[in-house]
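1. Sequence plus predicted model, see below.
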There are 2 protein chains.
Amino acid sequence: MNEIEKDRGPKFRRRAEARPDEVLDAALALFIEKGFAATRVEDIAKRAGLSKGAVYLYFPSKEAVLEALVRRAIVPIADSALQTLHDYEGDPRIVIGLVLNMLAARLSDPRILAMPKLIFREVLGFPELAQMYRREVIDRVIPAVEGLIRRGIDQGYLRQVDPSLTIRSIIGPLLLHVAMAELFGIMPEGGLHLDKLVDNHLSILFDGLSAPPSAKTWSAS
Amino acid sequence: MNEIEKDRGPKFRRRAEARPDEVLDAALALFIEKGFAATRVEDIAKRAGLSKGAVYLYFPSKEAVLEALVRRAIVPIADSALQTLHDYEGDPRIVIGLVLNMLAARLSDPRILAMPKLIFREVLGFPELAQMYRREVIDRVIPAVEGLIRRGIDQGYLRQVDPSLTIRSIIGPLLLHVAMAELFGIMPEGGLHLDKLVDNHLSILFDGLSAPPSAKTWSAS
DNA sequence: AGGTAATAACTGACCGGACGGTCATTTGCA
DNA sequence: TGCAAATGACCGTCCGGTCAGTTATTACCT
C-alpha cells in the first residue's frame, strides 16, 4: 500500500531543513560569548528554538557542532586565498597584498573574527578539530605561499629569505592583532581598523622599518 | 630554648615548605600536557607527592594555581624586557634585536614555551588571569615599545610608521611560530630554531622583503 | 471533505560519571 | 601531649548524551 509513498524522497518537514544551519548559528553565537566548554548543549538548543534532544538529531556530539561550525566559516576563506594565490603570476607582493586585504575584509565579520580564538582554545582538547584544520587550511595554504615566495625570489622580486619562516612574518602580525583585540580588548581607537593594520604592516613587510640610508627617497603615504 | 630555631621562620614541616613551588611545577607539567580543564586537582596533588586536600592548604582554588603559575613564569621575562628597553638609548633596532633574541632564548625552555598556549586557552573563561596578564605584562611593555619606536622615528632611525600597529609587526611572527608549533606541531626540521626565525624576521622587519631596486648592494648572509 | 493511519520531527526527564572543594580524622614532629 | 601538616572519603553540582513518549504533518481512503 505505502510503497508508492516510499519513493517520494523527503516528504515533509515541520520546519525547513535549514535546521542544522540554525543550530550552527546559535552555537556560534554562544561559543563566541562563553567559549565551547562553558556552553551547554541545552543553551544551543534553546537559542535555536529546539530541544536538546533535537540537536542530537542533526549532530552526533557537541564537538561535531564545533567542527562543522569552524569548517563552514573557514573553508570558503581558504578557498578564496588559494584562488588568488593560483591566479596571479607576477610580483608576489601584489598577491600578498590582495590576500591580506581579503583576510582583513573577511575578519570584519564578527562570526569570522571569533574563529582564531575558538580554534586556539579548543584544538588541544579536540584532536579531530586540529586535524580538520590542518587538512582543510594549513596543509593547502602553506605550500602555496612557500611556492609564491620561492618564485618571487627566483624572479628577483624578493630578497633571499627563508620561505617557510617568512610565512610567519607575513601573517603573524594579523594574528596578534586579532588576539590582542579578542582576548584583551586591546585595539586602536574605535575599532579594529584591520585595513590600517594591513597597510602599516605591508609597508614594513616590503620596505622595512629602517629609514632610507641618507636621502629621503620616497615616503609612501 | 628552641627560640633560636623558631625564628628560622617555619619550624617544621613533614616536608619542606617548598611545597607551593612543587605544586606549581606539577601543575605546569600537567597543564602543558592536557590543558587546564582536563587536569584534575587530584592529578596535580599526586604528581607533587601530596593529597588533594593539601593543595588547598596552599592555594584557594584550582584557578589560583594557574594564575600563580603564569605569574611566576612571565613576570621575570617582562621585567627583563623592560630592563633592556630602559637601558639603551640609541638605535632602537638594536634594542628590538636584543629583546627578540632574549625572548627566543627564554622560549627554548618548554616551561616558558607553553605559556602562550595556556594563556590563550584560558583567559576567556578566567577574567582574573586576563587582568593579571594585562597589568603585569601588556600594560607595561606596550607603552615602552611604543615610546621606543616613536623615539626611533624622531631620531631618524626608523621610517614613519604607526608605533602602536608596528608592535604587531614586531612580535606577531614570534607568536605565530610558537602557535604553529604548539598547536599543530608545525615547525622546521628538527626543532623550533627560534634563533633562525628571529634572524629571518629581523632582516625582513628592518630591511623589508623587497629586493633592492637595481644593484645588489649588500646581502646579509 | 473528513477521518485515520503512518511516520517524521521533536521533547524533556533521566542517567552516569566526573570533578572541585570540604572537613572530620589521622599522622608525625617537638 | 599538643598542634601543625596532611589525608581521602564524601558531597553537591553540573552536563553530555539517551530514549520512551508526544506532537505535527502528510497520504490515503471512503
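-> Right, received. Where do you want to start? Residues are numbered from 1 along each chain as shown, chains lettered A, B, ... in the order given.
2. does the closest residue to DNA strand C within chain A sit in a helix or strand, and which one?
-> Across chain A, the shortest distance to DNA strand C (Cβ to the nearest atom of the strand) belongs to residue A:53, at 1.8 Å. For the C-beta atoms, the positions are set from N, CA and C on the backbone; glycine is no exception. Assigned by DSSP states H and E, residue A:53 belongs to helix A:52-58.
3. show me where pLDDT drops low in chain A?
-> Applying pLDDT under 70 to chain A flags the ranges A:1-16, A:214-221.
4. domain parsing for it?
-> Following automatic domain parsing, one gets these domains for chain A: A:16-59, A:64-207.
5. do you know which of these lies nearest DNA strand D?
-> domain A:16-59 (3.2 Å).
6. I'd like to check what contacts stretch A:119-136. Which residues are they?
-> Stretch A:119-136 is contacted by residues A:35-36, A:63, A:66-67, A:70-71, A:74-75, A:78, A:179, B:34-35, B:37-38, B:117, B:120-121, B:124, B:179, B:183-184 when judged by Cβ atoms under 8 Å, 6 or more residues apart in numbering or on different chains.
7. the helices in chain A, which residues?
-> A:3-6, A:19-34, A:41-48, A:52-58, A:62-87, A:92-107, A:110-122, A:127-133, A:139-154, A:163-184, A:194-207 (DSSP state H).
8. I'd like to know how many residues surround residue A:212.
-> By other Cβ atoms under 10 Å in any protein chain shown, the residues close to residue A:212 number 12.
9. which residue sits closest to it, ignoring its sequence neighbours?
-> Using Cβ to Cβ, 6 or more residues apart in numbering or on different chains and skipping residues adjacent in sequence, the residue nearest residue A:212 is residue B:159, 7.7 Å away.
10. again, but for residue A:181
-> Nearest non-adjacent residue to residue A:181 (Cβ to Cβ, 6+ apart): residue A:187, at 4.3 Å.
11. How about the contacts made by the one you found?
-> Residue A:187 touches A:177, A:180, A:181, A:193, counting by Cβ under 8 Å, 6+ apart.
12. ok, which pair from the residues you listed is furthest apart?
-> The largest separation in the contacts of residue A:187, counting by Cβ to Cβ, is between A:180 and A:193 at 12.6 Å.
13. Any idea how many residues pack against the residue lying closest to residue A:44 once chain neighbours are set aside?
-> Sequence neighbours aside, residue A:27 is the residue nearest to residue A:44 in space, at 4.7 Å (criterion: Cβ to Cβ, 6+ apart). When counting by other Cβ under 10 Å, one arrives at 25 neighbours for residue A:27.
14. try residue A:51
-> Residue crowding around residue A:51 was assessed by other Cβ under 10 Å; the count is 12.
15. isn't it right up against residue A:45?
-> Yes: at 5.5 Å, residue A:51 counts as touching residue A:45 under the criterion of Cβ atoms under 8 Å.
16. distance of residue A:141 from residue A:147?
-> In this view, residue A:141 and residue A:147 are 11 Å apart by Cβ to Cβ, to the nearest Å.
17. the more surrounded of those two?
-> residue A:141 (18 against 13).
18. distance of the more buried one from residue B:120?
-> Counting by Cβ to Cβ, the gap between residue A:141 and residue B:120 amounts to 21 Å.
19. Likewise for residue A:191?
-> According to Cβ to Cβ, residue A:191 stands 22 Å off from residue B:120.
20. if we can go back for a sec, now do the phi/psi pair for the residue nearest to residue A:181.
-> When read as degrees, to the nearest 10, the backbone of residue A:187 gives phi -160, psi 170.
21. And for the one 4 residues further on?
-> Here is the backbone geometry of residue A:191 (degrees, to the nearest 10): phi 140, psi 180.
22. Is residue A:108 in contact with residue A:193, as I believe?
-> No: contact criterion Cβ under 8 Å: residue A:108 and residue A:193 do not qualify, at 9.8 Å.
23. Give the full set of residues in contact with the closest residue to residue A:149 other than its chain neighbours.
-> Counting by Cβ to Cβ, 6+ apart, residue A:149 lies nearest to residue A:163, which is 4.0 Å off, once chain neighbours are set aside. Listed by Cβ under 8 Å, 6+ apart, the contact partners of residue A:163 are A:145, A:146, A:149, A:150, A:153.
24. hang on, isn't residue A:70 packed against residue A:114?
-> No: the pair residue A:70 / residue A:114 is not scored as a contact, 10.0 Å apart, by Cβ under 8 Å.
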